[in-house]
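A.B. asks: Any chance you can model this:
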Amino acid sequence: MKIIGIGIDILKINRLKKILKRFKKKFIQKILSPKEIYLYKKSKRKINFLAKRFVIKEALCKAMGFGMRKGISFNNIEVYNNKMNKPKINYLGNSNLKKKQLKIKKSHVSFTDEKKYAQAIVILE
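C.D. replies: Numbers count the residues shown, from 1 in each chain. You can find the predicted model right below:
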(Lines give C-alpha, C1' and ligand atoms only; values in the text may rest on other atoms or scores of the structure.)
Protein backbone atom coordinates (compact mmCIF):
# COMPACT_ATOMS: atom_id res chain seq x y z
CA MET A 1 0.00 0.00 0.00
CA LYS A 2 0.99 3.60 -0.60
CA ILE A 3 1.29 6.02 2.32
CA ILE A 4 -1.00 9.01 1.73
CA GLY A 5 -0.06 10.91 4.84
CA ILE A 6 1.44 10.92 8.32
CA GLY A 7 0.32 13.22 11.12
CA ILE A 8 1.46 13.66 14.70
CA ASP A 9 0.19 15.81 17.55
CA ILE A 10 1.05 16.45 21.19
CA LEU A 11 -1.04 18.25 23.78
CA LYS A 12 -0.26 19.55 27.23
CA ILE A 13 -3.22 18.27 29.25
CA ASN A 14 -3.26 21.37 31.51
CA ARG A 15 -3.97 23.48 28.41
CA LEU A 16 -7.05 21.36 27.76
CA LYS A 17 -8.17 21.72 31.39
CA LYS A 18 -8.04 25.53 31.04
CA ILE A 19 -10.14 25.43 27.87
CA LEU A 20 -12.69 23.15 29.55
CA LYS A 21 -13.08 25.54 32.49
CA ARG A 22 -14.15 28.32 30.11
CA PHE A 23 -16.03 26.52 27.32
CA LYS A 24 -16.87 23.04 28.61
CA LYS A 25 -20.20 22.18 26.92
CA LYS A 26 -19.49 24.05 23.67
CA PHE A 27 -15.97 22.67 23.41
CA ILE A 28 -17.04 19.08 24.01
CA GLN A 29 -19.77 19.35 21.36
CA LYS A 30 -17.25 20.82 18.92
CA ILE A 31 -14.68 18.06 19.54
CA LEU A 32 -16.70 14.88 20.13
CA SER A 33 -19.24 13.03 18.00
CA PRO A 34 -22.59 12.19 19.66
CA LYS A 35 -21.40 8.63 20.34
CA GLU A 36 -18.15 9.94 21.86
CA ILE A 37 -20.09 12.39 24.07
CA TYR A 38 -22.03 9.43 25.45
CA LEU A 39 -18.77 7.56 26.20
CA TYR A 40 -17.18 10.72 27.63
CA LYS A 41 -20.00 11.09 30.14
CA LYS A 42 -19.49 7.47 31.26
CA SER A 43 -15.70 7.80 31.43
CA LYS A 44 -13.93 7.85 34.79
CA ARG A 45 -10.94 9.74 33.36
CA LYS A 46 -12.75 12.41 31.35
CA ILE A 47 -9.77 14.68 30.72
CA ASN A 48 -7.68 11.79 29.36
CA PHE A 49 -10.60 10.57 27.24
CA LEU A 50 -10.93 14.02 25.68
CA ALA A 51 -7.18 14.60 25.33
CA LYS A 52 -6.64 11.31 23.46
CA ARG A 53 -9.43 12.02 21.01
CA PHE A 54 -8.25 15.58 20.48
CA VAL A 55 -4.67 14.59 19.58
CA ILE A 56 -5.82 11.72 17.36
CA LYS A 57 -8.16 14.02 15.43
CA GLU A 58 -5.45 16.70 15.10
CA ALA A 59 -2.97 14.09 13.86
CA LEU A 60 -5.53 12.75 11.38
CA CYS A 61 -6.18 16.18 9.91
CA LYS A 62 -2.44 16.74 9.54
CA ALA A 63 -2.08 13.34 7.85
CA MET A 64 -4.88 14.28 5.44
CA GLY A 65 -2.83 17.33 4.53
CA PHE A 66 -5.12 20.22 5.31
CA GLY A 67 -5.85 20.44 9.00
CA MET A 68 -9.19 21.98 9.87
CA ARG A 69 -9.26 24.46 6.98
CA LYS A 70 -11.28 22.38 4.53
CA GLY A 71 -14.62 22.01 6.25
CA ILE A 72 -13.86 19.06 8.50
CA SER A 73 -15.09 19.37 12.06
CA PHE A 74 -13.63 17.28 14.85
CA ASN A 75 -17.11 15.99 15.65
CA ASN A 76 -17.15 14.50 12.10
CA ILE A 77 -14.28 12.24 13.15
CA GLU A 78 -15.09 9.47 15.59
CA VAL A 79 -12.46 7.54 17.52
CA TYR A 80 -13.42 4.16 18.92
CA ASN A 81 -11.68 1.03 20.15
CA ASN A 82 -12.09 -2.28 18.35
CA LYS A 83 -12.55 -5.62 20.11
CA MET A 84 -8.82 -5.77 20.85
CA ASN A 85 -8.98 -2.24 22.34
CA LYS A 86 -7.02 -0.80 19.40
CA PRO A 87 -8.00 2.78 18.44
CA LYS A 88 -9.79 3.12 15.11
CA ILE A 89 -11.27 6.03 13.18
CA ASN A 90 -14.81 6.29 11.90
CA TYR A 91 -15.15 9.00 9.24
CA LEU A 92 -18.46 10.90 9.38
CA GLY A 93 -19.92 13.67 7.22
CA ASN A 94 -17.32 15.86 5.52
CA SER A 95 -14.42 13.80 6.82
CA ASN A 96 -15.83 10.78 4.98
CA LEU A 97 -16.01 12.83 1.75
CA LYS A 98 -12.35 13.85 2.17
CA LYS A 99 -11.42 10.24 2.91
CA LYS A 100 -12.97 9.19 -0.39
CA GLN A 101 -11.31 12.06 -2.28
CA LEU A 102 -7.91 11.07 -0.93
CA LYS A 103 -8.66 7.37 -1.58
CA ILE A 104 -7.76 6.38 1.99
CA LYS A 105 -8.06 2.62 2.46
CA LYS A 106 -6.55 2.23 5.95
CA SER A 107 -5.97 4.47 8.94
CA HIS A 108 -3.34 3.46 11.51
CA VAL A 109 -3.53 5.14 14.92
CA SER A 110 -1.24 5.07 17.93
CA PHE A 111 -1.41 7.28 21.00
CA THR A 112 -0.01 7.66 24.46
CA ASP A 113 -0.94 9.74 27.46
CA GLU A 114 0.44 10.35 30.89
CA LYS A 115 -0.04 12.98 33.59
CA LYS A 116 1.12 16.00 31.58
CA TYR A 117 0.83 15.11 27.88
CA ALA A 118 -1.17 13.21 25.30
CA GLN A 119 0.34 12.35 21.92
CA ALA A 120 -0.87 10.58 18.79
CA ILE A 121 0.36 9.57 15.37
CA VAL A 122 -1.83 8.66 12.39
CA ILE A 123 -0.64 7.01 9.17
CA LEU A 124 -2.98 6.87 6.19
CA GLU A 125 -2.76 4.36 3.35
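A.B. asks: Now do the helix or strand hosting residue 78: everything it contacts.
C.D. replies: Taking DSSP states H and E as the criterion, the element that holds residue 78 is strand 77-81. Residues outside strand 77-81 that contact it (C-beta atoms under 8 Å, 6 or more residues apart in numbering): 33, 35-36, 52-53, 56-57, 60-61, 87-92, 95, 109. In short, each C-beta sits where N, CA and C put it, glycine included.
A.B. asks: Each with direction, which strands does it pair with?
C.D. replies: Next to strand 77-81 in the sheet, as set by DSSP bridges, lie strand 87-91 (antiparallel).
A.B. asks: Next, name the residue at the spatial heart of the chain.
C.D. replies: residue 57 (2.4 Å; C-alpha atoms, centre = their mean).
A.B. asks: so how far is residue 2 from that one?
C.D. replies: The spacing between residue 57 and residue 2, counted by C-beta to C-beta, to the nearest Å, is 23 Å.
A.B. asks: Look at residue 38 and say how many residues are nearby.
C.D. replies: If you count neighbours by other C-beta atoms under 10 Å, residue 38 ends up with 11.
A.B. asks: cool, and residue 11?
C.D. replies: Quick note: residue 11 (other C-beta under 10 Å) scores 19 neighbours.
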